[in-house]
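> Quick check, what structure comes out for this input:
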Amino acid sequence: MLEHSYQLLREFWPHFAAVAIFVVEVAAALHAVLYKRDSRSTIGWVGLIWLTPLIGAVLYFVFGINRIQRRAKLLRGGLNVCELPPSPHAVAPSQFVEQLGADAPHFEPFVRLVGELSERPLLSGNEIVPLINGDEAFPAMLEAIAQAQFSITLCSYIFDNDRAGRLFADALGAAVRRGVQVRVLVDSVGSRYSIPSIMPRLRKAKVPSARFMRTLVPTRFAYSNLRSHRKILVVDGRIGFTGGLNIREGAMLSLRPRAPLHDTHFRCLGPIVAHLQEVFVEDWAFTTQEVLVGEPWFVPLRSIGPTLARGIPNGPDEDYGEMRMTLMGALTAARRRVCILTPYFLPDDALAEALNVAALRGVQVDIVLPQANNLALVKWASTAMLWQVLSRGCRVWLSPPPFDHTKLMLVDGVWTLFGSANWDPRSLRLNFEFNVECYDRQLTSGLLGMVDQRIASARRITLADVDGRSLPIRLRDGLARLLSPYL
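Take a look at the predicted model:
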């Protein structure tokens, strides 16, 4: 009997293999039709699946399925350990014009949009202070830590074991010795940007600390997924700091570091601090299973300034796509001028079209990028994509060294967006980010002056410049562009 079965298998195995391959092809094609959102992508994958039997299906199952969002949702399990009570400082969209003035009614639908996306209210009564580079931000942060009485929460993507990092580690250790409750969360990849890591120093100082999403990804791998790119410091539940600044000496230009960079951070006072703390608490609970509730982490917050503000978390889990739609909504709301500062500019087709539509409507769109970039692949891919916005009237400026890591968007002299997110797929789809939107003419005007100073020293790049690249350079940049969904 066994010999007969073996004989049948030897005789008919090509038929069995053909049926199995056909089943795999059908399964892959059906999955692409059902789950790929972009029609062009669906057509491409289905064509590859059927034109290269088995190989196309294998390539689809390996590269064509977005496992990032699924894995993030699975890992975090719809985590929502922190539900803030309704804030007395919440501003309804219908009240927005009353608080901001009659010359900004076109923002009212946008206020409603971001509220629906973030499920967080716009809060009145905040004071937002920009801090330029680590030379301004680090002393303010260290002073707040030194004056802490009850609690400190700190998360950062990069926390280097260098001159800046050691200042923070020592200050946090001193706070612990004073009896302050301290929690520090550092991304697993970001904690290894310096060797040795800062984590042993924190443990030696008895600072409760943890790594977000421990991984075997190689040290300093710039293109890893599911990283916490957020930068948040909250002291005594009342003083918050957030923006684009990592804890590393490169941002302290006064120290003359080997790899200097520009960056901008923000001190936040008022009800908005609860939004910063809420995001930290959820990330800490996910990482350590410790839930921080009530005082000293959350305290009553009073109105302290004129700014309307709202925190906008973004990530490949329950907050998927919120930042991307916020950017598109802001471009739609713009009437006069849009200014964008970002170190990494890789907009998808929809964002590029939104920028173009704004420019074609008569909005002045200024995009300020660093002339020298710390990630060569991103620089090459970005250059290959610039024609998309240059051909429709957007203005692109390259700011001189040092490398500018600032992430900022300004609209119509009224609206400001700052935080950790870049204009690239990694920030908008693959990593965990945190931004703050603000409505404040004085704040936006001051930041606009800073942007115009950068533009005054920058070189404008034109479509002729992009088209004039040599063939080898265009080929290099074009190949890098193929990787843009993963950069």
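
> Please enumerate the strands of the stretch 351-487 of the chain.
With DSSP state E, counting those that start in this stretch as the criterion, the stretch 351-487 of the chain has strands at 364-370, 395-399, 403-404, 408-411, 415-419, 433-439, 459-461.

> same question but for the stretch 201-350 of the chain, I mixed them up
Under DSSP E, counting those that start in this stretch, the stretch 201-350 of the chain gives strands at 209-212, 232-235, 239-243, 261-262, 264-269, 307-314, 337-341.

> what does stretch 446-460 contact?
Residues from elsewhere that reach stretch 446-460 (CB atoms under 8 Å, 6 or more residues apart in numbering): 130, 132, 264, 339, 341, 366, 368, 371, 395-400, 404, 408, 410, 413, 416. C-betas here are computed from N, CA, C, even on glycine.

> Nearest to Val281, out of the strands of the stretch 351-487 of the chain?
With respect to Val281, and counting by CB to CB, the nearest of these is strand 433-439 at 12.5 Å.

> who touches Ile198 in this structure?
Per CB under 8 Å, 6+ apart, neighbours of Ile198: 159-161, 165-166, 169, 186, 191.

> and it, what pLDDT?
pLDDT for Ile198: 93.

> next one: Trp45
67.

> Start the count at 37 instead of 1 going forward.
Renumbered: residue one is now 37, and that last one reads Trp81.

> can you tell me how far the closest residue to Arg247 other than its chain neighbours sits from Ser264?
Nearest non-adjacent residue to Arg247, counting by CB to CB, 6 or more residues apart in numbering: Ser224, 4.2 Å away. Remark: distance between Ser224 and Ser264 (CB to CB, to the nearest Å) = 9 Å.

> can you check Glu473 too?
When distance is defined by CB to CB, Glu473 is 20 Å away from Ser264.

> Give me the more crowded residue out of the two.
The neighbour comparison of Glu473 against Ser264 (other CB atoms under 10 Å) goes to Ser264, with 28 against 24.

> ok, now which ones touch that one?
191, 193, 221, 223, 226, 248-249, 319, 467-468.

> how about a cut-off of 10 Å?
Counting by CB atoms under 10 Å, 6 or more residues apart in numbering, Ser264 touches 191-193, 221-226, 247-249, 315, 319, 322-323, 351, 456, 467-470.

> what do you get for Thr419?
So Thr419 contacts 381, 405, 409, 432, 434, 497, 501-502, 505, 509-510, 512-514, 516-517 (CB under 10 Å, 6+ apart).

> For the nearest residue to Cys304 once chain neighbours are set aside, give me the pLDDT.
Spatial nearest neighbour of Cys304, excluding adjacent residues (CB to CB, 6+ apart): Gly276 at 4.0 Å. Per-residue pLDDT puts Gly276 at 98.

> wait, Gly276 sits on Cys191?
No. Here Gly276 does not reach Cys191: they are 11.7 Å apart, not a contact under CB atoms under 10 Å.

> which residues are in contact with both of these two?
With CB under 10 Å, 6+ apart, Gly276 and Cys191 have common neighbours 268-270, 312, 316.

> Where is the longest strand in this structure?
Using DSSP state E to define each element, the chain has its longest strand at strand 158-168.

> what about it, distance to the chain center?
Centroid separation for strand 158-168 versus its chain: 19 Å, with CA atoms, centre = their mean, to the nearest Å.

> With stretch 400-414 instead?
With CA atoms, centre = their mean, you get 16 Å for stretch 400-414.

> Read off the pLDDT value for the closest residue in space to Pro141 that isn't next to it in sequence.
Leaving out its chain neighbours, the residue that sits closest to Pro141 by CB to CB, 6+ apart is Val133, at 5.2 Å. As predicted, Val133 sits at a pLDDT of 74.

> Which other helices and strands does the host helix or strand of Val133 contact?
Secondary structure assignment for Val133, by DSSP states H and E: helix 129-136. The contact analysis (3 or more CB pairs under 10 Å, 6 or more residues apart in numbering; DSSP states H and E) places helix 129-136 against strand 126-127, helix 144-154, strand 158-168, strand 343-350, strand 469-475.

> now the second one and strand 158-168, what's the angle there?
Interaxial angle, helix 144-154 versus strand 158-168 (axes from the mean of the first three to the mean of the last three CA atoms, to 10 degrees): 90 degrees.

> Could I have the CA atoms of helix 144-154 written out in CSV?
Once non-C-alpha atoms are left out, helix 144-154 reads as follows in CSV (Å, rounded to 0.1, in the frame of the first residue of the first chain):
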residue,chain,number,x,y,z
GLU,A,144,-13.4,76.4,12.6
PRO,A,145,-14.0,73.3,10.4
PHE,A,146,-10.3,72.4,10.9
VAL,A,147,-10.7,72.6,14.7
ARG,A,148,-13.6,70.2,14.4
LEU,A,149,-11.5,67.9,12.2
VAL,A,150,-8.6,67.6,14.6
GLY,A,151,-11.0,67.1,17.5
GLU,A,152,-12.6,64.2,15.7
LEU,A,153,-9.2,62.7,14.8
SER,A,154,-7.5,63.1,18.1
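
> now that helix, how far from the chain's geometric center?
Relative to the chain's own centre, helix 144-154 is displaced by 19 Å; criterion: CA atoms, centre = their mean.

> That one: which residues count as buried?
144, 146-151, 153-154 (16 or more other CB atoms under 10 Å).

> Any chance of a markdown table for the residues you listed, columns distance to Ala210?
As requested, the buried residues of helix 144-154 are exported to a markdown table (distance: CB to CB, whole Å):
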| residue | distance to Ala210 |
| --- | --- |
| Glu144 | 47 |
| Phe146 | 44 |
| Val147 | 42 |
| Arg148 | 45 |
| Leu149 | 44 |
| Val150 | 39 |
| Gly151 | 40 |
| Leu153 | 40 |
| Ser154 | 36 |
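
> Make CSV from those and add pLDDT and distance to Pro236 to it.
Listed next are the buried residues of helix 144-154 as CSV, based on pLDDT from 0 to 100; distance: CB to CB, whole Å:
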residue, pLDDT, distance to Pro236
Glu144, 89, 52
Phe146, 93, 46
Val147, 92, 46
Arg148, 92, 48
Leu149, 93, 45
Val150, 94, 41
Gly151, 92, 43
Leu153, 91, 40
Ser154, 89, 37
